[in-house]
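Visitor: no FASTA, just this:
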Ligand SMILES: Nc1ncnc2c1ncn2[C@@H]1O[C@H](COP(=O)(O)OP(=O)(O)OP(=O)(O)O)[C@@H](O)[C@H]1O
């Protein structure tokens, strides 16, 4: 579904991604872990062209999105992204946040968009918050609205960039439960996370990045039981 070949990204003189090659299958849930600055977010952001790769290629469902002349808006329609800070539209109600893109981009009729939004709110446990404004919600609720808003575009792939890092500990669980539900439903997902337990329990594959390289790519059970590289061993000693 996603084929990445020899992907590099350089900011000024800083080569942040140093040739990443990998394949993500449909339905795979990839947890991206590694030390701060190892390139996890940059890798994720390259997948929906929030960062333009310096070299290499990314092919999603047969479309080379890294070609010059790629229609970025079109490429992004199939990829949802959820950020650490929720980026909700503050002056719109929850339901208007969710219906905005389907109406504007897909030209979905209002009634259909609202009915889909209500289903999504149900799914993330916020059916009673449709008419609230984001400022009235807790961080965990805001993040769940952000997830519903991404899902409203019916993406094939969801990208999560540290979705729980800005949340108080008691809210982490509710957001991870929603993400986990999505994983169980077969959504293809890549998640940059510092939640090792989540990576171990919910991911199908763990990517360990270090210094801009994909150092290990394995099933969580084997990665956490027996990491192969010195760097991963040291990293896990620090975080577990
Ligand atoms: N827009 C940018 N301009 C310049 N440098 C950047 C930019 N984005 C990221 N970097 C640099 O790229 C490197 C990797 O950053 P990235 O955010 O991808 O790492 P990360 O592994 O996600 O780290 P963290 O866990 O701390 O979020 C860092 O040195 C960072 O300063």
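Guide: Good, I have the coordinates. Everything quoted here is computed from the prediction, not taken from an experiment.
Visitor: For residue 80, give me the backbone phi and psi.
Guide: Main-chain torsions, residue 80, degrees, to the nearest 10: phi -90, psi 150.
Visitor: Tell me who's in contact with it.
Guide: Counting by Cβ atoms under 8 Å, 6 or more residues apart in numbering, residue 80 touches 150-151, 153, 155, 157-159. Backbone N, C-alpha and C define where each C-beta goes, glycine included.
Visitor: By neighbour count, which of those residues wins?
Guide: Neighbour count (other Cβ atoms under 10 Å) singles out residue 159 as the most crowded of the contacts of residue 80, with 26 neighbours.
Visitor: Give the helix, strand or coil label for the nearest residue to it once chain neighbours are set aside.
Guide: In space, and not counting its chain neighbours, residue 159 is closest to residue 81: 4.5 Å by Cβ to Cβ, 6 or more residues apart in numbering. With DSSP: H, G, I helix; E, B strand; the rest coil as the basis, residue 81 sits in strand.
Visitor: Scan the helices and strands of this structure for the one with the lowest mean pLDDT.
Guide: Least confident helix or strand of the chain, by mean pLDDT, DSSP states H and E, is helix 72-76 with a mean of 84.
Visitor: about what we covered before: go ahead and confirm the residue nearest to residue 159 touches residue 151.
Guide: No - taking Cβ atoms under 8 Å as the definition, residue 81 is not a contact partner of residue 151, at 11.5 Å.
Visitor: Find residues that contact each of these two.
Guide: Common neighbours of residue 81 and residue 151, counting by Cβ under 8 Å, 6+ apart, are residue 158.
Visitor: Within range of the ligand, give me the residues from the protein.
Guide: For the chain, the residues in contact with the ligand (Cβ under 6 Å from any ligand atom) are 11, 14, 16, 34, 36-42, 192.
Visitor: contacts for stretch 47-57?
Guide: Outside stretch 47-57, the residues that touch it by Cβ under 8 Å, 6+ apart are 2-10, 15, 17, 19-21, 42, 45-46, 58, 60, 64-66, 70, 72, 75-76, 79, 81, 157, 159, 190.
Visitor: Those residues in helices, which ones?
Guide: Counted as lying in helices by DSSP state H, out of these, are 42, 45-46, 72, 75-76.
Visitor: Show me which of those are buried.
Guide: By neighbour count, with 16 or more other Cβ atoms under 10 Å, the ones in helices among the contacts of stretch 47-57 hold 42, 45-46, 75-76 as buried.
Visitor: and the gap between the residue lying farthest from the centre of the chain and the ligand?
Guide: Centroid-distance maximum for the chain: residue 111 at 28.5 Å, with Cα atoms, centre = their mean. Separation of residue 111 from the ligand (Cβ to the nearest ligand atom, to the nearest Å): 41 Å.
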